[in-house]
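Peer 1: fold the following.
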Amino acid sequence: QEQLVESGGGLVQAGGSLRLSCAASGRTFSNYHMGWFRQAPGKERESVALISWSGGTTYYADSVKGRFTISRDNAKNTLYLQMNGLNSEDTAVYYCAATRGLLTLRPGDYNHWGQGTQVTVSS
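Peer 2: Alright, predicted model coming up:
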């Protein structure tokens with residue numbers, strides 16, 4: 001069973017960058033599709049970026065396309081999210097999640113979640 005731990009969040013000024021990491025403790029990380037999701041106060045959890053088990057397929061929400069990049073290193077059991085050009089609308093708790101099912105946008109389809117890392121963008 002995968003256990004996921006996010007890191008890299010923090011406070012950043014608008015226009016700045018952050019790199020989130022998600023370390024997986026299981027031995028089958030490369031068998032999972034992975035995703036980054038976020039949840040702002042009073043809002044539903046939404047998908048931000050997804051990546052297939054091989055890294056060959058990626059998806060980005062329209063709101064982050066061209067600014068965020070998802071990647072993974074299966075040898076290091078680590079998922080990344082490079083976030084550039086941050087704005088106040090990116091402020092949220094960011095979660096990484098894993099699924100052995102289909103690569104999907106729906107948070108409910110992911111059965112392994114990290115504890116989340118706070119990203120706050122000041123304007």
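
Peer 1: please, where are all the strands along this protein?
Peer 2: All strands of the chain, identified by DSSP state E, fall at 4-7, 10-13, 18-24, 33-39, 46-51, 58-60, 68-73, 78-83, 92-99, 112-113, 117-122.

Peer 1: the residue nearest to the spatial centre of the chain and Gln115, how far apart?
Peer 2: For the chain, the residue nearest the mean C-alpha position is Trp36 (2.1 Å; Cα atoms, centre = their mean). From Trp36 across to Gln115, the span is 14 Å (Cβ to Cβ, to the nearest Å). Yep, even glycine has a C-beta here, placed from its N, CA and C like the rest.

Peer 1: what's the end-to-end length of stretch 12-28?
Peer 2: End-to-end distance of stretch 12-28 (Cα to Cα, to the nearest Å): 34 Å.

Peer 1: please read the previous query as pertaining to stretch 8-15.
Peer 2: 17 Å.

Peer 1: returning to that earlier point: show me the contacts for the residue nearest to the centre of the chain.
Peer 2: 20, 22, 47-50, 68, 70, 79, 81, 94-97 (Cβ atoms under 8 Å, 6 or more residues apart in numbering).

Peer 1: you'd agree Asn31 is up against Thr99?
Peer 2: No. Counting by Cβ atoms under 8 Å, Asn31 does not reach Thr99; the two are 10.1 Å apart.

Peer 1: looking at these two, which is more packed in?
Peer 2: Using other Cβ atoms under 10 Å, the more surrounded residue of Asn31 and Thr99 is Thr99, with 20 against 12.

Peer 1: give me the number of residues near the closest residue in space to that one that isn't next to it in sequence?
Peer 2: Once flanking residues are discounted, Thr99 sits nearest to Tyr110: 4.6 Å by Cβ to Cβ, 6 or more residues apart in numbering. By the measure other Cβ under 10 Å, the count of residues near Tyr110 is 23.

Peer 1: is Tyr110 in contact with Arg100, as I believe?
Peer 2: No. Counting by Cβ under 8 Å, Tyr110 does not reach Arg100; the two are 9.7 Å apart.
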